[in-house]
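>>> Structure for the following, please:
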Amino acid sequence: MLNRRKYSDKELDKILSKENIVILVDSREKANRHILDVFDKEGIQYRVTTLESGDYTFELKAIPELDIPHTMDFRQDIMIERKNSLDEISSSFTRGRERFNDEFGRAWAVKKYLLVEDGSYEKILNHEYRTEYNPNSFFASLLSFDARYDLHICFASKETSAIIIYNLCKYALREILK
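Residues are numbered from 1 along each chain as shown. Coordinates of the predicted model:
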């Protein structure tokens, strides 16, 4: 548990720096080289491990001088499930819906994000994906998951998804510290 003392702006900057936040990447996450490459390029620390739910979360390194005596794991606070395309998520809704439902149903995280690369609501409604999943059903499924699991749906390009993942974790931590 984090010390609930009020941190100064300078202390918050140190806690929220790239040197202290480590992104946890699920070991079963596939086709994510583009994300890890950006993490490497930007000096964002990460560790591949097995996550019970989601593809990404984070931990905070110990900072004893700021009353954070040990590494803290935040997988109960935030989970990010990434889908690499509208094709992949439409398949999750059609052929793997039960498994997809289970993933979010068993997630203990307070904040749950679904990050879909190279997608948008407009692309869904215009059927700009390769599966035969009906656009209205696809749209309704996304909104139903949002309502059922208090899910935050984000769309991103492959080029920006790594930075979005990092910042979702960073600002979740910032809110926890407030």
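
>>> Listing request: residues of this protein with sub-threshold pLDDT.
Within the chain, the ranges that satisfy pLDDT under 70 run 1-4.

>>> Can you verify my assumption that residue 118 contacts residue 86?
Yes: taking C-beta atoms under 8 Å as the definition, residue 118 is a contact partner of residue 86 at 7.2 Å. Where C-beta positions appear, they are placed from N, C-alpha and C, glycine not excepted.

>>> List the contacts of residue 11.
Contact partners of residue 11, counting by C-beta atoms under 8 Å, 6 or more residues apart in numbering, are residue 66.

>>> Report the secondary structure element holding it.
According to DSSP states H and E, residue 11 maps onto helix 9-15.

>>> Who has more neighbours out of residue 118 and residue 86?
residue 86 (23 against 18; other C-beta atoms under 10 Å).

>>> Pull the number of nearby residues for the closest residue to that one other than its chain neighbours.
Nearest residue to residue 86, sequence neighbours excluded (C-beta to C-beta, 6 or more residues apart in numbering): residue 129, at 3.8 Å. For residue 129, the count of nearby residues is 20 (other C-beta under 10 Å).

>>> One more: residue 134?
Residue 134 has 13 neighbours, counted by other C-beta under 10 Å.

>>> Now do the same for residue 87: helix, strand or coil?
helix (DSSP: H, G, I helix; E, B strand; the rest coil).

>>> wait, it sits on residue 132?
No: with contact defined as C-beta under 8 Å, residue 87 does not reach residue 132; the gap is 11.0 Å.

>>> More neighbours: which of those two?
Counted by other C-beta under 10 Å, residue 87 and residue 132 do not tie: residue 87 has more neighbours, with 15 against 8.

>>> which residues touch the more buried one?
Contacts of residue 87 (C-beta under 8 Å, 6+ apart): 129, 130, 131.

>>> With residue 104 as the reference, measure out to it.
20 Å (C-beta to C-beta, to the nearest Å).

>>> hey, what's the residue sitting nearest the centre point of the chain bridged with?
Note on the chain: the residue nearest the mean C-alpha position is residue 80, at 2.1 Å, using C-alpha atoms, centre = their mean. With DSSP bridges as the criterion, residue 80 is bridged to residue 56, residue 113.
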